[in-house]
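>>> any chance you can model this:
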Amino acid sequence: MSAAIKPLAIKRILGRLCKCRDSGWWLFAEILTLIFHSVISAALPTLQKPVRLFNTRFISTLWVKSILKRFLYLGLLLSCFTGLASANPKVTILLSGNNPAYEKLASTLATSLQKETTSLIEITSHTVQNPEKSLPESIKAADVLVTLGPSATSLALNAPTKAKIISTFITQNAMSKLIAQHKSADPNTNNRLIGAVYLDQPAKRLLQLALLINPELKQIGMLTGALSRSRTPEFRQQAASLSIAIDTQSLEPHDNPIKILEPIMANSQAYIVLPDTADFNRNTARWIIYLSYRYAVPVIGYSNRYIDAGALASIFSTPEQMGKQAAEQVIALLKEPSETPRFEHPNYYLVRLNEKVQRSLGYTQLDETVLSHQLNALEKAWTKSSRQEGLEHNE
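The predicted structure follows:
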């Protein structure tokens, strides 16, 4: 048998690499072999004269041809190994419905991934229409699943996939409930690699914004509902660290909102609105704005709509900002496979002010850009301080 690697040997090796001799991969290996063998044969016709090597001795052209063939066949094998080992990472975006905000986030996410990575990423997106239908193959085969909204997150948690999951457009409370439900239904949920970019702004950021609006602030009011009351301990802890007293009450479905709200507003120097159920938000919004004017108490909302309704300030993250943050998590996971998804509050946000309310309540000195810069500076200082404390603790 010749020492050169034969086409049949290459075909066998390729078939073993693909681990499926009876599938289309075997035919693919055979076709590749024929193509490369034809190219080699055409490129290396039999020469009539021997080759002089280093001007010292003559080498048979057949020997040179054999050596070159070996290198070319070896290159083919290595390229097959590389192709199999470095398959493009797969990212699937799963939307809870046809919502313009979801579409903006998904578009920003896809664009950010394509800009920030040098490797080719296979990005697909699907909208949850009928959870009962069979799942698309791209969801099952994904390396990372990015979900937009609670319905998509629930579907991803149930999906037969080992993909890492990053949930967006979801509150911290809703995420906790979904994970708890799936843990009780499937103990293996504990082993799923799950993270999130929450809709909620962190308590410390909201309280610090209230302090920037009114540096003399000593007491702040807050009303909670079925979803937001779980955040009360977080706000109490952060308020205590900033030497602020917090008056918070819980509103039940049968309660009269104005009877609960009025004492809070009358005794507070600022009021923070937390998002809750649609019914809660709708039933309390107009009374919050009405009482804030009666008692001249600045309201800090969580959306553009609150600004339009009459809040002094709002702080929120846009779909584009959440898409950017989700992309940063995805890139980190793809660059370092051992990395696990993180549960994060928004890193990027906007501060908006209502100029008419500023004039009405006497806060004309406030500026959106200045407030944003001040908040960013404070948060960088907190992060630096936390790191230093961590280093001292480790020492």
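>>> shaky segments in the stretch 251-395 of the chain?
385-395 (pLDDT under 70).
>>> try 50 this time
Judged by pLDDT under 50, the stretch 251-395 of the chain has its weakly predicted residues at 394.
>>> can you give me the strands in it?
In the stretch 251-395 of the chain, the segments counted as strands under DSSP state E, counting those that start in this stretch are 270-272, 299-301, 313-316, 343-344, 350-353.
>>> would you turn these into a markdown table with mean neighbour count and distance to Gln219?
For glycine as for every other residue, the C-beta is placed from the backbone atoms N, C-alpha and C. Listed next are these as a markdown table, based on neighbours: other CB atoms under 10 Å; distance: least, CB to CB, whole Å:
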| stretch | mean neighbour count | distance to Gln219 |
| --- | --- | --- |
| strand 270-272 | 25 | 8 |
| strand 299-301 | 26 | 14 |
| strand 313-316 | 22 | 18 |
| strand 343-344 | 16 | 30 |
| strand 350-353 | 18 | 22 |
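>>> now these as CSV including distance to Lys259?
Below are the strands of the stretch 251-395 of the chain laid out as CSV (distance: least, CB to CB, whole Å):
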stretch, distance to Lys259
strand 270-272, 16
strand 299-301, 19
strand 313-316, 26
strand 343-344, 36
strand 350-353, 30
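>>> so for the protein, the centremost residue is which one?
Ala326 (2.4 Å; CA atoms, centre = their mean).
>>> could you say which helix or strand contains the closest residue to Ala327 other than its chain neighbours?
Excluding its sequence neighbours, the residue lying closest to Ala327 (CB to CB, 6 or more residues apart in numbering) is Ser112, at 3.5 Å. Here Ser112 sits within helix 100-116, counting by DSSP states H and E.
>>> okay, buried residues for that helix please.
102, 105-106, 108-110, 112-113 (16 or more other CB atoms under 10 Å).
>>> contact partners for Gly362?
For Gly362, the contact set (CB atoms under 8 Å, 6 or more residues apart in numbering) comprises Ala296.
>>> what residues are up against the residue nearest to Ala327?
323-324, 327-328.
>>> tell me the spacing between it and Ser125.
Distance from Ser112 to Ser125, counting by CB to CB, to the nearest Å: 14 Å.
>>> again, but for Ala332
21 Å.
>>> neighbour-wise, which of the two wins?
Ser125 (19 against 13; other CB atoms under 10 Å).
>>> A helix includes that one, no?
No. Using DSSP: H, G, I helix; E, B strand; the rest coil, the assignment for Ser125 is strand, not a helix.
>>> report the beta-bridge partners for it.
Note on Ser125: beta-bridge partners Ile93, judged by DSSP bridges.
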